[in-house]
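Undergrad: Quick check, what structure comes out for this input:
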Amino acid sequence: MNLLINLIPIIVVLTLLFLRKHMLIAGLIGGIIAMIIGQLSIDEMSGIFLGGISNMLSITIPILYASAAVMVSKAGSIQALIELARRSLKGKLGLLAGIIVLIQGLATYMAGMGAGNTMVTAPLMAAAVGAVPEVIAAMAIISAIGFTTSPASTETVLTAESAGREVTAHASAMLPFVIVFYLIAIGLAIYGVYKRGALTNKEQETGAINESSNAQLFKYSVPALLLLIMVVFGSNLNQLFGTTIFTPATIIIITAISTVLLTPLSSDQTSEALIDGSRFILTTLFSVGIFLGFINMIAELGVFEQVAELASHVPTSLVLPVAMILAFLIAIPSGAFTAGVLTLTLPTLAVLGLPSEAMGFVAIATGLGTQVSPVQINVAALAKGFNKDIMDIIKDQAKYVVGMLVFVIIIALIFV
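TA: Here you go, the predicted structure:
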């Protein structure tokens, strides 16, 4: 009975979101109900609320990369890079979409996080093929798989520790599954483009770019290419050189300098473009932070831990699939920090003695759940890159993400 009462705020929030009410309205109503149920004081509520906002606004790296991506886009660098790719691939845009999704997956796996890379790759994809639902879903899926299995991510560390296994050994055990899931995501993107064609706005394509020579296009494309290489391979290059050169700060500076030198934008215009690029992501993070504050108030009821415990009360053969489904569902309202969701679900599974691979599949299910969460920064990054509303992004990819969850559960049941 206590669980049913504590679930009321979550049910109200999700119902309002599905009815397309603004997420802040949904969060406010859910938060008020949680205050009443949990008898939270004004002081407690205020601290929890402000904590949600401060947590989101502290995510500085995606803000920087989003600004840089807008800057090079306004300079025509991304358009030039895509035009070069079109000419090289002789119009095979499906293949181009697959390559960009692969780049997103590799970058996420190496960095252990998806949103910062999405800030760079989503505008590239938008310029190449437009907001194709399968492509958006592919980028979300490959990001979720990547950051929940990467040896560099907090999620993988938590998963391995919960299973009592060394991190690299756990990551190596999950790698064959990661490769299969990556191939599925890439195939989904290619299929979507072949099925629907490119959905780019032809009116936005400039004649100057289309009529430029390959040499001119390459010159214009260098800032976008540099940004992509530094974001994806920055840490590897630092190891190669034996010293730290590429950090978020130096990446932004190098990209800005190359934009001034190699594109039509002046230094003043480049600076304005960099500042302008931060507006959407800062606004989004602020609104998401407010919503997260309300969700954290609901979390004070202990409802997420109670839901996670349900997995321990089912037959042994059903523990893993039930745990994966519960992790997926918990991540929808509270998916701003995947690691936080895992701290709610993994301890219960650890007591049951599940192997690390099983824990890894639960982590993947959690990651997939975050990709249909309005408070997930990677979803916000996709919304920014494809110039769409967050709820529209979730709607576009929901059925594919759920389908992927079903497939992952089947694989888990077969191999674990």
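Undergrad: only C-alpha atoms for contact and neighbour calcs from this point on.
TA: Will do.
Undergrad: Span of stretch 371-389 from start to end?
TA: Its first and final residues considered, stretch 371-389 spans 14 Å by Cα to Cα, to the nearest Å.
Undergrad: Quick check: residue 376 touching residue 370?
TA: Yes: the pair residue 376 / residue 370 is scored as a contact, 5.9 Å apart, by Cα atoms under 8 Å.
Undergrad: who's more crowded, these two?
TA: Neighbours were counted for residue 376 and for residue 370 using other Cα atoms under 10 Å; residue 370 has more, 31 against 27.
Undergrad: what's the burial count for residue 117?
TA: 26.
Undergrad: dump the residue contacts of it.
TA: Residues near residue 117 by Cα atoms under 8 Å, 6 or more residues apart in numbering: 62, 65, 104, 107, 108, 231, 232.
Undergrad: Most neighbours of all these, which one?
TA: When neighbours are taken as other Cα under 10 Å, the top entry among these is residue 108 (29 neighbours).
Undergrad: Wait, that one touches residue 114, no?
TA: Yes: counting by Cα under 8 Å, residue 108 does reach residue 114; the two are 4.9 Å apart.
Undergrad: which one's the longest helix in this protein?
TA: helix 167-196 (DSSP state H).
Undergrad: Now do the contacts for residue 85.
TA: Going by Cα under 8 Å, 6+ apart, residue 85 touches residue 96.
Undergrad: now it, what's its secondary structure?
TA: Put simply, residue 85 is helix when judged by DSSP: H, G, I helix; E, B strand; the rest coil.
Undergrad: still on that earlier bit, which neighbours do residue 108 and residue 114 share?
TA: Counting by Cα under 8 Å, 6+ apart, the residues touching both residue 108 and residue 114 are 143, 146, 147.
Undergrad: could the residues you listed go into TSV alongside distance to residue 9 and secondary structure?
TA: Converted to TSV, those look like this (distance: Cα to Cα, whole Å; DSSP: H, G, I helix; E, B strand; the rest coil):
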residue	distance to residue 9	secondary structure
143	29	helix
146	31	helix
147	29	helix
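Undergrad: And residue 122, what's its pLDDT?
TA: The model reports residue 122 with a pLDDT of 90.
Undergrad: wait, residue 337
TA: 68.
Undergrad: again, but for the one 3 residues further on
TA: For residue 340, the model assigns a pLDDT of 73.
Undergrad: Contacts for the strand or helix carrying it next, please.
TA: Using DSSP states H and E, residue 340 maps to helix 338-351. By Cα under 8 Å, 6+ apart, the residues outside helix 338-351 that reach it are 154-155, 158-159, 162-163, 304-305, 308-309, 311-312, 323, 327, 330-331, 334-335, 359, 363, 366-367, 370.
Undergrad: Inside helices: which ones of those?
TA: Using DSSP H, the contacts of helix 338-351 in helices are 154-155, 158-159, 162-163, 304-305, 308-309, 323, 327, 330-331, 334, 359, 363, 366-367, 370.
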